[in-house]
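>>> test case, fold it:
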Amino acid sequence: MTGTKITLAKGLNMGLRKAMEDDPKVLLMGEDVGKLGGVFRITDGLQKDFGEDRVIDSPLAESGIVGTAVGLALRGYRPVVEIQFDGFVYPAYDQIVCQVAKMRYRSAGHSPMPMVIRIPFGGGIGAVEHHSESPEAQFAHTPGLKVVACSNPVDGYWMIQQAIASDDPVIFLEPKRQYHAEKMELDESLAPPPLFTSRVARRGTDVTVLAYGPTVRTAMTAAEAAAGEGRSLEVIDLRTLSPLDMGPVLESVRRTGRCVVVHEAHVNLGMGAELAARVTEECFYSLEAPVLRVGGFDTPYPASRIEEEFLPDLDRLLDAVDRTFAF
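Numbering: from 1, shown residues only. As a prediction, the model looks like this:
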C-alpha cells in the first residue's frame, strides 16, 4: 500500500494484521479486543478475519492476561496483549516485573520471552485517573524489558511489527489522544528505521527538545511557534525509552548547547531525570544552561475538567526554552 493516509489507530491495526498474516504464532489477547475490536478499536475486524483462537477476549483480569501470555510465549507463540488503559496495568505489574522481565536472563537465554504488552498511555481524552496515566518510567527502570513509544501513524504501523518480531518482551506504549488526531501517508515500500532508535523530527540550531509519545506533537507545535520569534528548536522523537538511543541526542546537544525534556509523566524520578543525567555526563562542556524538564505535576492525575492545567503544553514548554537562555 503506497500513498495511503492513515491514523495512528489504523496504522496499529494494519501492523497487527500484517504480523498475524506473516506468522501464525502471533496471537492477540485482552479485554474486549475481539468482538468489540478494543475500546479504541485498534483490533477492529481482526477476530472476524483470524478467528477466536487467535484474537481472544479475556476476562477482566490483567494478571491472568499477562500470566497466560507468559505460558504461551514459553511454548513458542508470540502473544500480543492489550492492557485496556494505562492505569489498569498494575494488577499485572508483579507478572511483568517478576516473570516477563526475568525469564530470559533466569534461563541463561534458553527461554526467550517474545511477547508485546500494548498500553494506551497518557491523558488528554477527558478521562480520570487509571485512564490517563504515564507509567513508562516504572517499566524502563526494570532490566529485561524493552520499552518503546510510538508518536505517529507510520511509526505505529512499523514499530508494532518490529516489536512482535523481537525475542525480548516489549512494553509498547501508544499515546491514546493521538489515535485519531492526525493522518500521515504510509509508503510500505520504504524500509523503516530499526526499532530501538531515536530520530530527529525537526532540525534546529538553538535548543534541543527531547520528547516521546504524545509530547512529540507538543514539541513540534512549540517549534513552529518559536520559529516565529526567531528561535530554532531541534525536536528529537526518542521512540525508545529502554534502551535509550542517545546518539542523535548527544550530537544535537553538542551543537545547540541547550536541552529541554518534555513528557506527560510526573517530573520527579521520570524519564527526564535519566535523560538530563546522561546529557550532563556526556555534554557537560557543551552545555550553556542546565537541562530543564517539563512534565506533569507530582500529584495523582486530576479530574478531567482541569487536566489541561496538568499536562505540559505549548506555553510551559516555551517558558522552559526561554529559561535556558537566561543562564
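>>> which of the residues in stretch 3-22 are buried?
Using 16 or more other Cβ atoms under 10 Å as the test for burial, stretch 3-22 gives 6-20. In this view, the C-beta of every residue, glycine as well, is placed from N, C-alpha and C.
>>> can you pull the contacts of Arg254?
Neighbouring residues of Arg254 by Cβ atoms under 8 Å, 6 or more residues apart in numbering: Cys283, Ser286.
>>> in what helix or strand does Pro24 lie?
Here Pro24, judged by DSSP states H and E, is contained in no helix and no strand.
>>> and the pLDDT at the nearest residue to it once chain neighbours are set aside?
Ranked by Cβ to Cβ, 6 or more residues apart in numbering and with sequence neighbours excluded, the top spatial neighbour of Pro24 is Arg54, at 7.9 Å. At Arg54, the pLDDT value in this model is 98.
>>> likewise Val170?
98.
>>> could you do Pro193 as well?
Note on Pro193: pLDDT of 95.
>>> wait, it sits on Arg199?
Yes. Pro193 is in contact with Arg199 according to Cβ atoms under 8 Å; the separation is 6.3 Å.
>>> which stretches of the chain form helices?
Here the chain has its helices, by DSSP state H, at 8-22, 46-50, 62-74, 93-95, 103-106, 136-140, 153-165, 215-227, 247-256, 271-283, 307-310, 314-324.
>>> show me what the shortest one is packed up against.
Looking back up the chat, that one is helix 93-95. Packing partners of helix 93-95 (3 or more Cβ pairs under 8 Å, 6 or more residues apart in numbering; DSSP states H and E): helix 62-74.
>>> one more: the last one?
Using 3+ Cβ pairs under 8 Å, 6+ apart as the contact criterion, the elements in contact with helix 314-324 are strand 207-211, helix 215-227, strand 259-266, strand 292-296.
>>> ok, back up a step: mind putting the helices of the chain into TSV with mean pLDDT?
Output for the helices of the chain, formatted as TSV (pLDDT from 0 to 100):
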stretch	mean pLDDT
helix 8-22	98
helix 46-50	97
helix 62-74	97
helix 93-95	96
helix 103-106	94
helix 136-140	97
helix 153-165	98
helix 215-227	97
helix 247-256	98
helix 271-283	98
helix 307-310	92
helix 314-324	96
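>>> so which of the ones you listed comes closest to Gln178?
Proximity to Gln178 (Cβ to Cβ) singles out helix 8-22 among the helices of the chain, at 5.1 Å.
>>> if I take the closest one and helix 153-165, what angle do their directions form?
Helix 8-22 runs at 30 degrees relative to helix 153-165, counting by axes from the mean of the first three to the mean of the last three Cα atoms, to 10 degrees.
>>> what's helix 8-22 packed up against?
Checking 3+ Cβ pairs under 8 Å, 6+ apart, helix 8-22 ends up next to strand 26-30, helix 46-50, strand 78-82, helix 153-165, strand 170-175, strand 184-187.
>>> any idea which of those is most buried?
strand 170-175 (a mean of 27; mean count of other Cβ atoms under 10 Å).
>>> partner strands of that one, with direction?
When pairs are called by DSSP bridges, strand 170-175 turns out to pair with strand 116-121 (parallel), strand 146-149 (parallel).
>>> now the last one: buried residues?
What that stands for is strand 146-149. Buried, per 16+ other Cβ under 10 Å, within strand 146-149: Lys146, Val147, Val148, Ala149.
>>> dump those residues into a markdown table; add pLDDT and distance to Ala108 as well.
Formatted as a markdown table, those follow (pLDDT from 0 to 100; distance: Cβ to Cβ, whole Å):
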| residue | pLDDT | distance to Ala108 |
| --- | --- | --- |
| Lys146 | 98 | 19 |
| Val147 | 98 | 23 |
| Val148 | 98 | 25 |
| Ala149 | 98 | 30 |
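>>> out of those residues, what pair is the most spread apart?
Lys146 and Ala149, at 11.3 Å, using Cβ to Cβ across the buried residues of strand 146-149.
>>> between those two, what contacts are shared?
Joint contacts of Lys146 and Ala149 (Cβ under 8 Å, 6+ apart) are Thr240.
>>> returning to what we had before: which pair of the buried residues of stretch 3-22 spans the longest distance?
Largest separation among the buried residues of stretch 3-22 by Cβ to Cβ: Thr7 and Met20, giving 19.7 Å.
>>> okay, now the domains of the protein?
2-187, 199-324 (automatic domain parsing).
>>> gap between the nearest residue to His263 once chain neighbours are set aside and Asp94?
Counting by Cβ to Cβ, 6+ apart, His263 lies nearest to Gly295, which is 5.0 Å off, once chain neighbours are set aside. Shown here: Gly295 relative to Asp94, a distance of 27 Å by Cβ to Cβ, to the nearest Å.
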